[in-house]
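Visitor: I need the structure of the sequence given here:
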Amino acid sequence: MRANGSPSPAQPEQRVLVVDDEPSIVDAVATALRYEGYDVEEAYSGRDAIDAVVRREPDLIVLDWMLPDIEGIEVGRRLRARGFKSAVLFLTARDGTEHKVEALRAGGDDYVTKPFSLAEIVARVEAILRRTGGDLPGDLLRFADLVLDEKRHEVFRGETAIELTATEFSLLRFFMLNPRRVLSKAQILQNVWRYDFGGNANVVETYVSYLRRKLDTAGPPLIKTVRQAGYMLEAGPA
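Guide: Numbering: from 1, shown residues only. The predicted structure is shown next:
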């Protein structure tokens, strides 16, 4: 809800699938998102979630980690393996870096720890969809052997395609728009996540770590950690 009490102007084509085995959570989250203007579908198990995505791929999935049949983390892996590009916001009662990294490996774009507020869910959904379907000029960004195609949403290192989630793509794009510049965690959080309510800078460390790992599989390291300052996209000597 906006300050004037009116619903947010979500784009009509933005579809969200809410998945949780607790009907009260599904109902609350779905109702809040519908009020914001999203087209929302509901599911209560991992199999139902996969079937729903196959029928009609959403722009984003709000996906509970603990489901009765297939864990949400496995649902995410299966969808990514089948080529679905929907952004994923995990709901989890777990905390800790190892669980964050596991969520990223399963193709997650963000996560919310239970208990959560509906305002936070809405803000996270809006932030993910902004960076997933934001206004991109459709140009190619290049740095060293790295190429980011904004229009096709593809990344290559040399001849190797790098599969990135929507958040990783936006993070890399911010680095490539600011090559050889030290970017603080606060700058990255503000420009990539754009949380209206603020955010935890620790999430930057997690996502930079996983992006770096993916890029480094295809060539020399490109993202440098600058102690007590932030990160920098920099190519080493040839």
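Visitor: Next, count neighbours for V112.
Guide: Neighbourhood size, V112 [other Cβ atoms under 10 Å]: 17. All C-beta atoms are positioned from the backbone trio N, CA, C, and that covers glycine.
Visitor: Can you name the residues in contact with stretch 56-63?
Guide: Where contact means Cβ atoms under 8 Å, 6 or more residues apart in numbering, the residues beyond stretch 56-63 that reach it are 13-20, 29, 33, 41, 49, 52-53, 72, 75-76, 79, 84-91, 121, 125, 128-129, 132-133.
Visitor: Strands - which of those land there?
Guide: Using DSSP state E, the members of the contacts of stretch 56-63 that fall within strands are 15-19, 41, 87-91.
Visitor: out of those residues, who has the most neighbours?
Guide: Among the ones in strands among the contacts of stretch 56-63, the one with the most neighbours (other Cβ under 10 Å) is V18, at 32 neighbours.
Visitor: And this structure, split by domain according to the record?
Guide: Domain ranges of the chain: 15-132, 140-233, per automatic domain parsing.
Visitor: Tell me where this protein has helices.
Guide: With DSSP state H as the criterion, the chain has helices at 23-35, 46-55, 72-81, 97-105, 118-132, 166-177, 185-188, 202-216.
Visitor: do you know which of those lies nearest Q228?
Guide: helix 185-188 (10.7 Å; Cβ to Cβ).
Visitor: who does that closest one touch, helix- and strand-wise?
Guide: With contacts defined as 3 or more Cβ pairs under 8 Å, 6 or more residues apart in numbering; DSSP states H and E, helix 185-188 has these neighbours: helix 202-216, strand 230-233.
Visitor: about what we covered before: need the winner for burial among the domains of the chain.
Guide: Ranked by mean neighbour count, the domains of the chain are led by domain 15-132 with a mean of 19 (mean count of other Cβ atoms under 10 Å).
Visitor: Distance from that one to the middle of the chain?
Guide: Remark: domain 15-132 is offset 11 Å from the chain centroid, using Cα atoms, centre = their mean, to the nearest Å.
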